[in-house]
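Asks: sequence and predicted model, in that order:
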Amino acid sequence: MTAIAPETVNLRTAPASAHRIWRVVRLNLVNKSTTIWVPLMIMGFIWLVNYLIWWIIYSAAPVADRAKAMEGTQWSGGAFYIFVYMLVVGVQVIGMTFPFALGYSVTRRDFWLGASLTFLLLSAGYAIGFTVLSAVEEWTGGWGLGGHLFTSIYFGDSGFFARLFIVFVAMLFFFFVGATAGTLFMRWRVNGLLIAAAILVLLIVGLVALVTFTNNWPAVGEWFMAMGPVGVVAWMLVPTAISAVAGFYILRRATPKN
C-alpha cells in the first residue's frame, strides 16, 4: 500500500478563492430584474411624477415668481427611494442567496467577500448613473423647469466627483446595513433584530440627551455646516465598516432555517 504524494493530487478541481468569490457575485446578480431593472423603472416613474409636479408649479406660478416657487424642489426627497431599495437588496442577499450558496459548498468567508464585492460594484454603477443624471439635470436647468431631483441640496453642489463620492458612500452604507440586518435575522431571527433595533434607539436617544443637556446643539449645527455634504457623508464610512465587520462575524455562525 503506497501513500499518495501531495503533488499527485489534482488541485485544479477546486476553484481558487477569487473564482469562488466571483461566482458569488454572479449569483447575486443573476436576477437582474431585482437588482437593476426594477429599481431603474421605479426611479424613472418617480422622475416622471416629479416632472409633472414641477410642470404644474411652473405653469401655475406667475412668470416673476417661478424661480422662487421652484426653490422648494431643492429639498426633494424623491431620490432617497433608490437608497432604501438598496437596503432591501442587502437583506435579500443574505435571506435568499446565502442559503442557496451554502448548498454549493461556498464558505461563509467567500460568500461575504462576494456579497461585499457585489455591493461595491452596484454602488459604483448606481453612483455613476445617478451623478450623470445630476449633470444632465444641471445642464438642462432642472429639465427645463428648474426642478431638483438628482441635484437636491442633500447631494451638495461641489461638482461631479463630489456628488459621485456622496452617492457611492451612501449606497455602500445602505447595502451593508441591510446585509447586517439580514445576518442578524439569520442568526437570531426576529429577537435579534428587535434587540439590535432597541440598542440602536437607546444609543441615539442617549446621544440626543447628551447634546441637549450640554447645550451643544449650536456646535452640532456648526459642525454640519463646516463639514458640508461631502464631509458628513464621509463619516458614514465608519458605520459602514462596522456593519461590514459585524455582518461577517455574525454570518460565521448563522444557519439558514426554514
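Replies: Cool, got the structure. Numbers count the residues shown, from 1 in each chain.
Asks: how about the helices in the chain?
Replies: Secondary structure of the chain (DSSP state H): helices at 17-28, 32, 38-60, 66-70, 80-92, 98-102, 108-139, 160-213, 217-234, 237-251.
Asks: out of the ones you listed, which gets nearest to L145?
Replies: Nearest to L145, of all the helices of the chain, is helix 38-60, at 4.3 Å by Cβ to Cβ. Where C-beta positions appear, they are placed from N, C-alpha and C, glycine not excepted.
Asks: what's that closest one packed up against?
Replies: When contacts are defined as 3 or more Cβ pairs under 8 Å, 6 or more residues apart in numbering; DSSP states H and E, helix 38-60 packs onto helix 66-70, helix 80-92.
Asks: please redo it, this time with the cut-off set to 10 Å
Replies: Applying 3 or more Cβ pairs under 10 Å, 6 or more residues apart in numbering; DSSP states H and E, one finds that helix 38-60 contacts helix 66-70, helix 80-92, helix 108-139.
Asks: give me the buried stretch members for the second one, please.
Replies: It refers to helix 80-92. By 16 or more other Cβ atoms under 10 Å, the buried positions in helix 80-92 come out as I82, F83, Y85, M86, L87, V89, G90, V91, Q92.
Asks: same check on the last one?
Replies: Neighbour-count burial for helix 108-139, counted by 16+ other Cβ under 10 Å, picks out 108, 110-116, 118-119, 122-123, 126-127, 130-131, 133-134, 137.
Asks: gap between it and the chain center?
Replies: Relative to the centre of its chain, helix 108-139 is centred 8 Å away, using Cα atoms, centre = their mean, to the nearest Å.
Asks: if we can go back for a sec, of the buried residues of helix 80-92, which is the nearest to M186?
Replies: Comparing the buried residues of helix 80-92 against M186 with Cβ to Cβ places V91 closest, at 10.0 Å.
Asks: check what pLDDT that closest one gets.
Replies: At V91, the model reports a pLDDT of 95.
Asks: could you measure from it over to A61?
Replies: Remark: distance between V91 and A61 (Cβ to Cβ, to the nearest Å) = 42 Å.
Asks: okay if I get the buried residues of helix 80-92 as JSON lines plus distance to L207?
Replies: Below are those laid out as JSON lines (distance: Cβ to Cβ, whole Å):
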{"residue": "I82", "distance to L207": "28"}
{"residue": "F83", "distance to L207": "22"}
{"residue": "Y85", "distance to L207": "28"}
{"residue": "M86", "distance to L207": "25"}
{"residue": "L87", "distance to L207": "22"}
{"residue": "V89", "distance to L207": "29"}
{"residue": "G90", "distance to L207": "24"}
{"residue": "V91", "distance to L207": "26"}
{"residue": "Q92", "distance to L207": "30"}
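Asks: pick the one among those closest to A219.
Replies: F83 (27.9 Å).
Asks: return the distance of G178 relative to W75.
Replies: Look at G178 and W75: by Cβ to Cβ, they are 25 Å apart.
Asks: ok, and the closest non-adjacent residue to A67?
Replies: G146 (6.6 Å; Cβ to Cβ, 6 or more residues apart in numbering).
Asks: quick check, the one you found in contact with A69.
Replies: Yes: here G146 reaches A69: they are 8.6 Å apart, a contact under Cβ atoms under 10 Å.
Asks: which residues do those two both contact?
Replies: Common neighbours of G146 and A69 (criterion: Cβ atoms under 10 Å, 6 or more residues apart in numbering): W54, I57, Y58.
Asks: let's have the helices and strands packed on helix 38-60 in a markdown table, adding distance to V38.
Replies: Converted to a markdown table, these look like this (distance: least, Cβ to Cβ, whole Å):
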| stretch | distance to V38 |
| --- | --- |
| helix 66-70 | 30 |
| helix 80-92 | 8 |
| helix 108-139 | 13 |
